[in-house]
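quick one, what's the 3D model for this:
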Amino acid sequence: MLKTEAGLQRELLSKARARGMLAHKLESRSGRGWPDCVLIYKGQAVFVEVKSPRGGRLSVHQKKMLKALDSHGAVAVVVGSVDEADRLIESLLLELYL
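The predicted model follows:
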């Protein structure tokens, strides 16, 4: 089991890229709360907030941003384990978010 949020982010991005996805770590200087990563596959973008496998929690800003993304029709999810990352990648490959 991965012990850090950064380690889980690297694992998610690496696995997504290995499966043919465009996977990028987001760095926002324009506002707080933006998700950590975006995965794009066959025209579908999914914003991913990665939380520590040791029980990380969403901040108020992160909760607001996830709600705002959802209200605008974007797909935004929270991943807190390798299993959740794997399920997300498989869901994208099966085009379940389309």
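
nearest residue to Arg32 other than its sequence neighbours?
His61 (4.2 Å; C-beta to C-beta, 6 or more residues apart in numbering). The way it works is simple: take the backbone N, C-alpha and C, and place the C-beta from them, glycine included.

that should have said Lys64, apologies.
Gly33 (5.9 Å).

swap in Ser28?
Nearest to Ser28 is Trp34, by C-beta to C-beta, 6+ apart, at 3.9 Å.

in which helix or strand would I find the one you found?
Per DSSP states H and E: Trp34 is located in neither a helix nor a strand.

next one: the one 4 residues further on
Counting by DSSP H and E, the secondary-structure element that holds Val38 is strand 37-41.

packing partners of that strand?
helix 5-18, strand 22-25, strand 44-50, helix 82-93 (3 or more C-beta pairs under 8 Å, 6 or more residues apart in numbering; DSSP states H and E).

list just the one of these that sits closest to Leu69.
With C-beta to C-beta as the criterion, Leu69 lies closest to strand 44-50 of these, at 5.8 Å.

dump that closest one to CSV, restricted to CA.
Below are the C-alpha coordinates for strand 44-50, written out as CSV (Å, rounded to 0.1, in the frame of the first residue of the first chain):
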residue,chain,number,x,y,z
GLN,A,44,-13.7,12.5,-21.9
ALA,A,45,-11.9,14.5,-19.2
VAL,A,46,-12.0,13.4,-15.6
PHE,A,47,-10.7,15.7,-12.8
VAL,A,48,-9.2,13.7,-10.0
GLU,A,49,-8.6,14.9,-6.4
VAL,A,50,-6.1,12.5,-4.8
